[in-house]
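Participant: Fold the following.
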Amino acid sequence: MSDVIAGALAKVKARIPDQIGINSRWTETLVTNIIIAADRATRDRCEVHRYEFPVELSDDVISYGILSGFVSIDKVEFSLDGTNYDWLLQSRGLEDLDAISHSWRTDRSTRPDFYSLLSAPGVQSED
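Facilitator: As a prediction, this is how the structure comes out:
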């Protein structure tokens, strides 16, 4: 348990004495999970979970793995020269890609125009 969560739990226990713990109204596990959920909701609302993850593109590769903690992707930038990320890729769903080109899975180009998030199994960690 992180110091932040332990500190928050201690403050909640101080505000409602004898209500949290073994043989009490609420278990420590329940209250800790509520604190973690509130922390995640606050972080999401304040947009503090932002990461940059560089992916080096290769010829004839259509999908790339990302870090397991990712839940969504807001923006994908592309660099034509390898240093200046000045090309913004457009997010498209698979149906949109089919409407643009039925052969999008096999189309090849010198630069991408679109991206799609195929799955996002990531979850935020407690710490």
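Participant: going forward, measure contacts and count neighbours with C-alpha atoms only.
Facilitator: OK.
Participant: in the longest helix along the chain, what counts as buried?
Facilitator: When the chain is parsed with DSSP state H, its longest helix is helix 28-46. Within helix 28-46, the residues scored as buried using 16 or more other CA atoms under 10 Å are 28, 31-32, 35-36, 40.
Participant: Just the mean pLDDT for it, thanks.
Facilitator: The average pLDDT within helix 28-46 is 86.
Participant: helices or strands up against that helix?
Facilitator: Packing partners of helix 28-46 (3 or more CA pairs under 8 Å, 6 or more residues apart in numbering; DSSP states H and E): helix 3-15.
Participant: The helix it packs on vs helix 28-46, what angle?
Facilitator: If you take axes from the mean of the first three to the mean of the last three CA atoms, to 10 degrees, helix 3-15 sits at 120 degrees to helix 28-46.
Participant: Buried residues, helix 3-15. List them.
Facilitator: For helix 3-15, burial by neighbour count (16+ other CA under 10 Å) applies to 5, 8-9, 12-13.
Participant: List of residues touching that helix?
Facilitator: Contacts with helix 3-15, where a contact means CA atoms under 8 Å, 6 or more residues apart in numbering, come from 19-20, 31-32, 35-36.
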